[in-house]
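Asker: what follows is a predicted structure for the sequence shown.
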Amino acid sequence: MYEHFFQCPYCWEEISMLMDTSVSSQRYIEDCEVCCNPIEIVSQFESNNLISFQAVSIEQ
C-alpha cells in the first residue's frame, strides 16, 4: 500500500489515501473525507512507484 497526500479540489484541505500499488492503472470516484464532495481519482503505478495522479472535481 502507498499513502498519497493531495489537496481536495473543492475545500482545498490536504487529505490522504491509501493506494494499492499492485493495480497499475485506476480511475474511480471517492468522497472527500472533509467536505464529502465527490472527487475523481486517476492514478498510475509502474514498478510500485506512483507515476501519475489526478484528483479532480466531477461537477461542472
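Answerer: Noted; the coordinates are in hand. If you're wondering where the values come from, they're calculated on a predicted model, not measured in any experiment.
Asker: who's in contact with residue 50?
Answerer: Residues near residue 50 by CB atoms under 8 Å, 6 or more residues apart in numbering: 2, 4, 19, 21, 43-44. (Each C-beta comes from the backbone N, C-alpha and C, glycine too.)
Asker: same list (those) but as JSON lines, adding distance to residue 50 and pLDDT.
Answerer: As requested, these are arranged in JSON lines below (distance: CB to CB, whole Å; pLDDT from 0 to 100):
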{"residue": "2", "distance to residue 50": "6", "pLDDT": "92"}
{"residue": "4", "distance to residue 50": "6", "pLDDT": "96"}
{"residue": "19", "distance to residue 50": "7", "pLDDT": "93"}
{"residue": "21", "distance to residue 50": "8", "pLDDT": "92"}
{"residue": "43", "distance to residue 50": "7", "pLDDT": "96"}
{"residue": "44", "distance to residue 50": "8", "pLDDT": "97"}
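Asker: list buried residues within those.
Answerer: Taking 16 or more other CB atoms under 10 Å as the criterion, what is buried in these is 19, 43.
Asker: what sits against the residue positioned nearest the centre of the chain?
Answerer: By CA atoms, centre = their mean, the mean C-alpha position of the chain lies nearest to residue 41, the distance being 4.1 Å. Residue 41 is in contact with 17, 26-30, 53-55, counting by CB under 8 Å, 6+ apart.
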